[in-house]
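Enquirer: Next input, structure requested:
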Amino acid sequence: YDEVWGQSEALGWTLLDVDEEPEPTDWNICWSDVSVALERVMRMTRMQKINHFPGMLELVRKAGTARNLNKMLSAVGKDYKFFPRTFMLPADYTELKKEFVNKRGNKTFIIKP
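Expert: Take a look at the predicted model:
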């Protein structure tokens, strides 16, 4: 994210090293390439902003999103059926194979590596 650093410097912002000991507390924006510890989020003040939050990988990765949507569908039922049937491979291979031979319903599949 060289562009983020370049624009920050162009705006005259002071760049801090979060790995510094003790960790700086006088910041407004924290830009991170990795997940952020819950402890850091809990120490944030009202005006501090961050581009990641704990647990976000469950939302932004396809596998995590599919797993959580399927869990909610099982828990809530048809009221939560707003997304296409999702298979997690290799665990759901048998169910996916059944869909291919099933003569009813939609035969369009979206496959993501």
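Enquirer: Okay, buried residues for whichever helix or strand Ala66 is part of please.
Expert: Using DSSP states H and E, Ala66 maps to helix 62-76. Using 16 or more other CB atoms under 10 Å as the test for burial, helix 62-76 gives 66, 69-70, 73. Just so you know, the C-beta spots here come from the backbone N, C-alpha and C atoms, and that holds for glycine as well.
Enquirer: Pull out the buried residues from the helix or strand following it.
Expert: Later in the chain than helix 62-76, the nearest helix or strand by DSSP H and E is helix 93-101. Buried residues in helix 93-101, counting neighbours by 16+ other CB under 10 Å, are found at Leu96.
Enquirer: Pull out the C-alpha coordinates of helix 93-101 and format them as PDB.
Expert: C-alpha atoms of helix 93-101 as PDB (Å, rounded to 0.1, in the frame of the first residue of the first chain):
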ATOM      1  CA  TYR A  93     -18.900 -32.900  -2.400                       C
ATOM      2  CA  THR A  94     -21.600 -35.500  -2.000                       C
ATOM      3  CA  GLU A  95     -24.300 -32.900  -1.700                       C
ATOM      4  CA  LEU A  96     -23.000 -31.000  -4.800                       C
ATOM      5  CA  LYS A  97     -22.900 -34.200  -6.800                       C
ATOM      6  CA  LYS A  98     -26.600 -34.800  -5.900                       C
ATOM      7  CA  GLU A  99     -27.400 -31.300  -7.300                       C
ATOM      8  CA  PHE A 100     -25.800 -32.200 -10.600                       C
ATOM      9  CA  VAL A 101     -28.000 -35.300 -11.000                       C
END
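Enquirer: Nice, that's everything, thank you.
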